[in-house]
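> Quick one, what's the 3D model for this:
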Amino acid sequence: QVQLVESGGGLVQAGGSLRVSCAASSATFSDYAMAWFRQAPGNEREFVAAISNSGGLTNYADSVKGRFAISRDNAKNTVSLQMFSLKPEDTAVYFCAARRGIRAVYSRAYDYWGQGTQVTVSS
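From the prediction side, this is the model:
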């Protein structure tokens with residue numbers, strides 16, 4: 001069982017930066033691939049970024065590639081998403097998710113979810 005708690009959301013102007021983080025409760029955090037998803041009102045939850053259990057491999061949605069960076073610290077059981085050059089269309093609730101094994105881009109592949117943190121980008 002893994003409990004995930006996100007933090008760091010907030011309001012930022014377009015072009016600004018923000019970092020969201022996720023703390024995991026599992027003693028075997030390094031067994032899990034981690035990902036960030038987001039969901040805007042009226043939209044389905046969409047993949048943002050994922051990182052392998054060791055942190056050596058990452059992948060991103062095309063919409064955020066070059067602007068967002070996912071990282072993890074297995075000693076601290078945390079995963080973070082650094083967001084640069086934010087756009088109003090990045091506004092959403094951001095969720096972190098965990099699954100044993102390899103990275104995946106589909107939300108149904110993830111077994112554990114945090115409660116989400118709101119990111120709002122004003123124009």
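
> Beta-bridge partners for the spatially most central residue of the chain, please?
Among the residues of the chain, the one closest to the centroid is W36, at 2.3 Å (Cα atoms, centre = their mean). In this structure, W36 bridges to A49, C96 when assessed by DSSP bridges.

> residue contacts, it?
In this structure, W36 makes contact with V20, C22, V48, A49, A50, I70, V79, L81, Y94, F95, C96, A97, judged by Cβ atoms under 8 Å, 6 or more residues apart in numbering. All C-beta spots, glycine's among them, are computed from the backbone N, C-alpha and C.

> in the protein, which ranges drop under the pLDDT threshold?
Within the chain, no stretch has pLDDT under 70.

> now the helices for it?
For the chain, applying DSSP state H gives no helices.

> Show me where it has its strands.
In the chain, the strands defined using DSSP state E lie at 4-7, 10-13, 18-24, 32-39, 46-51, 58-60, 68-73, 78-83, 92-100, 112-113, 117-122.

> Deepest in the core, which of those is it.
strand 32-39 (a mean of 24; mean count of other Cβ atoms under 10 Å).

> centre of the chain versus that strand, how much separation?
Its chain's average C-alpha position is 5 Å from that of strand 32-39, according to Cα atoms, centre = their mean, to the nearest Å.

> likewise stretch 44-55?
Stretch 44-55 has its C-alpha centroid displaced from the chain centroid by 6 Å (Cα atoms, centre = their mean).

> Kindly report the same for stretch 89-109.
Distance, centroid of stretch 89-109 to centroid of chain: 6 Å (Cα atoms, centre = their mean).

> same question, stretch 80-92
Using Cα atoms, centre = their mean, the distance between the centre of stretch 80-92 and that of its chain works out at 11 Å.

> Now do it: distance from first to last residue.
16 Å (Cα to Cα, to the nearest Å).

> Also stretch 27-36?
End-to-end distance of stretch 27-36: 20 Å, with Cα to Cα as the criterion.

> Check stretch 94-109 too.
Criterion Cα to Cα; first-to-last residue distance in stretch 94-109 is 17 Å.

> ok, and what's touching that stretch?
The contact list for stretch 94-109 (Cβ under 8 Å, 6+ apart) reads 2, 4, 6, 9, 20, 22, 24, 26, 31-39, 45, 47-48, 50-52, 57, 59, 61, 79, 81, 110-119.
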